[in-house]
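Novice: Give me a model of this one.
(one chain, ligands or ions: 4)
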Amino acid sequence: DQSGLAYSVGTTLDRFIKLKQSDFPFASGELSQLLRDIALAAKIVNRETTRAGLSNIGGAFGQVNVQGEEQQKLDVIANIRFMRALSKGGEVCAIVSEEEDSVIDLQNSSGKYVVAIDPLDGSSNIDVNISIGTIFSIYRRKTTVGSPILKEDIMQAGREQVAAGYVLYGSSTMLVYTTGCGVNGFTYENSLGEFFLSHPDIKAPETGQIYSVNEGSQLEWEQGILDYVNQCKREKFSARYTGSLVADFHRNLLKGGIYLYPATEKNPSGKLRLLYEANALAYIAEQAGAKATDGHQRILDIIPTSLHQRTPLFTGSAKMVLEVEKFLKASK
Ligand code: AHG
Ligand code: MN
Ligand code: MN
Ligand code: MN
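Specialist: Ligands and ions are numbered 1, 2, ... in the order given. As a prediction, the model looks like this:
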């Protein structure tokens, strides 16, 4: 029963942002506007995603990105759409993107916010019609508005985020975000072009029966991870792994479960990127009562040293994340 709350399920994102305005630090409306800009870009990418097979935007773009990955056309399109929405919106001074080698300085003398973004998460699933996503983190710049963008504006620990969220282009398209006052989920109604509040105040179950890991790299895991995953099998947990972090994370957030991407030979620091994948999901996890660790420390406490740095990521139900840390300690 939502009585007493000024908003209810079915509230539009716009109205929700307005109603929750008072929750925002520095409630001067810029962060609200920035969230609207992101939602607009998400609507545009959603439209392109749902018709990828029809409009020849499937398949490889023909370039390798700074990650050493074969960029998909939709990686590039999503990147352009979000960069354009963020630069036109007027609130952002700098962008870090998975698909850009270096920081994009928007030369915006009034922009207060820095956005780190994975424009299209789960690219390997685009051509086979499996859910994909977008992940974003929002920071306030540390240096004076209007002055040149400096390293300390960009290399902020995840705990400095003022907002974070993801879009899941799935059986329905959802926008899930936090501004530090809990996590709320919105479902997109195509016919109206609006996101509606569908999952108010998401709280993750404190434990679960689902584990998400690419078992193909099992022979490369450190002993503690192997021990933990074998424990999951002894307890007859379900293995669910889609190859799209956002989809696995979202399912585990709602149902209870844990996502693991350990260090491997190919990715000795883990595959997932700190600035635009792990930090955003870690902030959302903690705001929903879940956890996110690199195996030894909170993801949100890691001080970044390079733009595209990777980290092992273990995130989901609090008790399950603590269990992973216990197995890692025991195997030292
Ligand atoms: P991206 O498509 O943005 O590069 O991210 C892909 C990530 C993540 O979404 C997914 O969980 C993971 O890569 C899958 O990696 P493996 O194929 O190595 O399991
Ligand atoms: Mn990629
Ligand atoms: Mn990704
Ligand atoms: Mn990506």
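Novice: need the residues of the stretch 151-300 of the chain near ligand 1, please.
Specialist: Asn214, Gly243, Ser244, Leu245, Lys271 (Cβ under 6 Å from any ligand atom). No exception for glycine: its C-beta is placed from N, CA and C like everyone else's.
Novice: Within the helices and strands, which one has the last one?
Specialist: This points to Lys271. Using DSSP states H and E, Lys271 maps to neither a helix nor a strand.
Novice: check contacts around it.
Specialist: When contacts are counted by Cβ atoms under 8 Å, 6 or more residues apart in numbering, Lys271 touches Tyr261, Thr264, Arg310.
Novice: Tabulate these (TSV), appending distance to ligand 4, secondary structure and neighbour count.
Specialist: Formatted as TSV, these follow (distance: Cβ to the ion, whole Å; DSSP: H, G, I helix; E, B strand; the rest coil; neighbours: other Cβ atoms under 10 Å):
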residue	distance to ligand 4	secondary structure	neighbour count
Tyr261	14	strand	24
Thr264	18	coil	19
Arg310	13	strand	20
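Novice: pLDDT for those - can I get that in CSV?
Specialist: What follows is these, written out as CSV (pLDDT from 0 to 100):
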residue, pLDDT
Tyr261, 98
Thr264, 95
Arg310, 98
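Novice: What strand or helix carries Val321?
Specialist: Assigned by DSSP H and E, Val321 falls in helix 318-330.
Novice: other SSEs contacting that helix?
Specialist: With contacts taken as 3 or more Cβ pairs under 8 Å, 6 or more residues apart in numbering; DSSP states H and E, helix 318-330 sits against helix 223-234, strand 258-261, strand 291-293, strand 313-316.
Novice: Now do the helix or strand that the first one is followed by, average pLDDT.
Specialist: Past helix 223-234, heading to the C-terminal end, the next element that is a helix or strand (DSSP H and E) is strand 238-239. Averaging the model's pLDDT scores along strand 238-239 yields 98.
Novice: ok, and what's touching strand 238-239?
Specialist: Outside strand 238-239, the residues touching it (Cβ under 8 Å, 6+ apart) are Gln209, Ile210, Tyr211, Ser212, Val213, Glu215, Cys232.
Novice: which residues sit in contact with Val246?
Specialist: Val246 neighbours (Cβ under 8 Å, 6+ apart): Asp121, Gly122, Ser131, Ile132, Gly133, Thr134, Ile135, Tyr166, Val167, Leu168.
Novice: Highest neighbour count among the residues you listed?
Specialist: Most neighbours among the contacts of Val246, by other Cβ atoms under 10 Å: Val167, with 32 neighbours.
Novice: roughly how far apart are the nearest residue to Ser124 once chain neighbours are set aside and ligand 4?
Specialist: Of all residues not flanking Ser124 in the chain, Gly243 sits nearest, at 5.5 Å (Cβ to Cβ, 6 or more residues apart in numbering). Separation of Gly243 from ligand 4 (Cβ to the ion, to the nearest Å): 12 Å.
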